[in-house]
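A.B. asks: Give me coordinates for this.
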Amino acid sequence: MKIFNFNYCKVHEFFDEATQLKAFIAIHQLVDGRSIGGCRMLPYQSEVEALKDASRLAVAMSAKTAIAQIPFGGAKAVLI
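C.D. replies: Purely as a prediction, here's the structure:
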């Protein structure tokens, strides 16, 4: 697992040798150590495109939770 920053998000990168599955989990914001989001699986053109999508969606989840006044930050996972 690698952890790095990308577009205002902290990103966790995972790779499973057995299935050759790669995943990025982008965390935009934590509220009391918590965040919520979903998972997206698409055939991205590149890892950079997957990272851009994950970070964009994580930021959108932060906005959604703020608008709904839910005490969570935003995050999103993408599988490639």
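A.B. asks: Now do the helices in this structure.
C.D. replies: Per DSSP state H, the chain carries helices over the ranges 47-67.
A.B. asks: Would you point out which residue is most central in it?
C.D. replies: Nearest to the mean C-alpha position of the chain, counting by CA atoms, centre = their mean, stands residue 26 at 2.5 Å.
A.B. asks: where exactly do the strands run in this structure?
C.D. replies: Listed in chain order, the strands of the chain (DSSP state E) span 2-6, 9-16, 21-27, 35-41, 73-79.
A.B. asks: could you check the angle strand 35-41 makes with the last one?
C.D. replies: Strand 73-79 and strand 35-41 meet at an angle of 20 degrees, taking axes from the mean of the first three to the mean of the last three CA atoms, to 10 degrees as the criterion.
A.B. asks: what's the closest of the strands of the chain to residue 49?
C.D. replies: For the strands of the chain, proximity to residue 49 was assessed by CB to CB; strand 73-79 is nearest, at 9.4 Å. C-betas here are computed from N, CA, C, even on glycine.
A.B. asks: separation between the residue lying farthest from the centre of the chain and residue 40?
C.D. replies: Within the chain, residue 18 marks the point farthest from the mean C-alpha position, 22.5 Å out by CA atoms, centre = their mean. Going from residue 18 to residue 40 by CB to CB, to the nearest Å gives 22 Å.
A.B. asks: Likewise for residue 11?
C.D. replies: Taking CB to CB, one finds residue 11 at 14 Å from residue 40.
A.B. asks: higher neighbour count, these two?
C.D. replies: More crowded of residue 11 and residue 40, by other CB atoms under 10 Å: residue 11, with 18 against 15.
A.B. asks: Return the residues in contact with that one.
C.D. replies: Contacts for residue 11 (CB atoms under 8 Å, 6 or more residues apart in numbering) come out as 3, 4, 5, 24, 25, 26, 27, 51, 54, 55.
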